[in-house]
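J.: return a 3D structure for these sequence lines:
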Amino acid sequence: MKSVFLEKSLGLDIREDSIALTLVGKKLRIVEVLAGEFINLKLLTGKDEKAEKHFLNEVNRFLIEHNTWPESVAVSLPRSLAMFKTFELPAPDIKTVHSMVEFELERHFSSGLDALYYTYQLTQKPGNIFHIAAAAIKKEIADYYLGLIEKLNLKPSVLDIPTFTNSNLALPLEPEDSAVTALIDISPRSLEIILLKKGAIEFSRNTTLEKINIKDIYSGKETSASQLDNLAAPLSNVIISELEQALSSCRSIEENESIENIFMVGGGPLTARVIEHIEKETEVSTQSIGIPGLVSPALPDSFSPNHMMTALSLALRDVSKPTIKTNLLPQDLRPKIRKAKPKTSLALAAMVLLFLAGWGGNQIYYNKKTLESLNGQLEEIKGEVSNLEKIDLEYLSIQNYVDILNTIDKQNPAKLPLLGRLSQSLPMDTWLTNIKFQKGEMEIKGFSPSASKLIPLIEKSPRFKKTGFVGSIIRESSGEKFTIRAILEPSS
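T.: Next up is the predicted model:
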């Protein structure tokens, strides 16, 4: 039986030269991971068309393979592209803090807020002190990535950085009596150290892995045990050194305080060995972050916890209640998403079922009356005509005609004029491989020498409105492969 989800959400964790994707579906009481994928990329600099095309083709393939058209999309950009600051503000209440924050951010981000997309997390401390963890990214950088995502027909509702996204996974695991918790994020090219203290992000430092190349191991191109061992030890030593520097650099951590728990995100196949090495060298409890409790433990084979936990945290942003709700997207760039409440959805579903039941009963009654009328007419004919065999044959013919009408009625005859309209709209050199009508929408897939010309041709028909491409147009030897979706207008 096919599962029904209240909402689907997609998380895209974009790093300097890779992207991890995770698609989840929300049910009433649980969230299921539907698909995931880790894709190696070339560096996206804005000047390499081949790198951008590779990004678009690979992500579009994932979307098409998994029929991934979610209600919400959350995106994380590389930490190396963002500026991160923490500071504290004394204020009588939260409302006052919000009125003061932008002025303080102007002081901490020297380039000025007009040129930035920015966000912040506010944590209240004792004595009317409010801790601010803020991030900002230049508009032209963020707009470049948003432009690429827009080409995939995706509209992000959340734009974030791994610092906040991963902290949403770690904060629920932080012991209440713990002094300092460290969160380590290992990506193919860089390393981020985050220090958490009593529910607040106190420090974040991102470092490029210049002397250690783990990209091939991370992506699974090289998996021998000797290669893993040779890289795990030096990588662990770099992490320990970065942890020591983070402790000494963080002003809000006292000299007598130490890291009592270490959590890890990413790492690929190196994760288990790095954890073992760090725990042995530091004697501090170290573990990789597991699947959150609201997510079903039944994971698809395509999902890898050591590659896609950040993407999973992103996908959960709009289907759960995260501790941190940061969003670099300004309000005017966020799509207007109206979420249906489960109780309202169930009530509407019940009303629809009652309507369908009533309609079905009316159709049965009408068909029954039609058959009774036909039977009555045939009985009159039989009484007037002596050739009973001829009348029986005519009766069987009429009965067969009624059965055919009933069969067509069950198969929704409204599709026939729609198909006629569609065949009149499309040129002779275009052929379709799939046609689907559902929920007031039509979706067609096929090939054409020039797919871009199809939209105006289809919209000439009054039955098809808001016609547009789903995903990207893919060039193949047989033509341009396309997927088009349109809203069905009722016949006048």
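
J.: what is the burial count for residue 307?
T.: The local packing of residue 307 (other CB atoms under 10 Å) involves 26 other residues. Yep, even glycine has a C-beta here, placed from its N, CA and C like the rest.

J.: what's the spacing between residue 329 and residue 147?
T.: Taken as CB to CB, to the nearest Å, the spacing of residue 329 relative to residue 147 amounts to 14 Å.

J.: ok, these two, which is more surrounded?
T.: Set side by side, residue 329 and residue 147 show more neighbours around residue 329, with 18 against 11, by other CB under 10 Å.

J.: give me phi/psi at that one?
T.: The phi/psi pair for residue 329 (degrees, to the nearest 10) reads phi -70, psi 130.

J.: was I right to think it contacts residue 149?
T.: No: with the criterion set as CB atoms under 8 Å, residue 329 and residue 149 do not qualify as a contacting pair; they are 11.4 Å apart.

J.: who touches both of these two?
T.: Between them, residue 329 and residue 149 share these contacting residues under CB atoms under 8 Å, 6 or more residues apart in numbering: residue 156.

J.: if I pick residue 186, what's in contact with it?
T.: Counted by CB under 8 Å, 6+ apart, residue 186 has contacts 214, 218, 235, 239, 264, 265, 266, 267, 268, 270, 271, 274.

J.: again, only this time at 10 Å
T.: Residue 186 sits next to 192, 209, 214, 218, 235, 238-239, 264-268, 270-271, 274, 306 when contact means CB atoms under 10 Å, 6 or more residues apart in numbering.

J.: mark which of those residues are part of strands, please.
T.: Of these, the ones assigned to strands by DSSP state E are 192, 264, 265, 266.

J.: reformat the residues you listed as JSON lines; add distance to residue 451.
T.: Formatted as JSON lines, these follow (distance: CB to CB, whole Å):
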{"residue": "192", "distance to residue 451": "42"}
{"residue": "264", "distance to residue 451": "45"}
{"residue": "265", "distance to residue 451": "40"}
{"residue": "266", "distance to residue 451": "38"}
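
J.: and those residues, which two are furthest apart?
T.: Every pair in these was compared (CB to CB); the two farthest apart turn out to be 192 and 264, at 11.0 Å.

J.: so what sits against both of those two?
T.: Each of 166, 183, 184, 185, 186 lies in contact with both residue 192 and residue 264 under the rule CB under 10 Å, 6+ apart.

J.: export the residues you listed as CSV, with columns for pLDDT, distance to residue 41 and secondary structure.
T.: Formatted as CSV, the entries for these read as follows, by pLDDT from 0 to 100; distance: CB to CB, whole Å; DSSP: H, G, I helix; E, B strand; the rest coil:
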residue, pLDDT, distance to residue 41, secondary structure
166, 96, 20, helix
183, 97, 24, strand
184, 97, 23, strand
185, 97, 18, strand
186, 96, 17, strand
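
J.: most neighbours among those, which one?
T.: For the shared contacts of residue 192 and residue 264, neighbours were counted by other CB under 10 Å; the highest total belongs to residue 166, with 29 neighbours.

J.: who's in contact with that residue?
T.: If you count contacts by CB under 10 Å, 6+ apart, residue 166 has them with 13, 76, 79, 160, 183-185, 192, 194, 263-266, 289, 309-310, 313-314, 324.

J.: for residue 230, same thing?
T.: Listed by CB under 10 Å, 6+ apart, the contact set of residue 230 reads 217, 224.

J.: doesn't it fall inside a strand?
T.: No: counting by DSSP: H, G, I helix; E, B strand; the rest coil, residue 230 is not part of a strand but helix.

J.: okay, it: pLDDT?
T.: Per-residue confidence (pLDDT) for residue 230: 89.

J.: look up how far residue 227 lies from the closest residue to residue 4 other than its chain neighbours.
T.: In space, not counting the residues next to it along the chain, residue 4 is nearest to residue 27; the distance is 7.8 Å by CB to CB, 6 or more residues apart in numbering. Using CB to CB, we find residue 27 at a distance of 41 Å from residue 227.

J.: now swap in residue 33 and tell me
T.: Summarising the geometry, the distance separating residue 33 from residue 227, computed by CB to CB, is 29 Å.

J.: about what we covered before: surely the residue nearest to residue 4 and residue 34 touch.
T.: No: the pair residue 27 and residue 34 fails to qualify as a contact (CB atoms under 10 Å) at a distance of 11.4 Å.

J.: need the helices for the stretch 301-450 of the chain, in chain order.
T.: With DSSP state H, counting those that start in this stretch as the definition, the stretch 301-450 of the chain shows helices at residue ranges 305-315, 342-384, 388-410, 415-425.

J.: burial of the residue nearest to residue 30 when sequence neighbours are not counted, as a residue count?
T.: Counting by CB to CB, 6+ apart, the nearest residue to residue 30 once its immediate chain neighbours are dropped is residue 296, at 5.2 Å. The burial count assigned to residue 296 is 13, neighbours taken as other CB under 10 Å.
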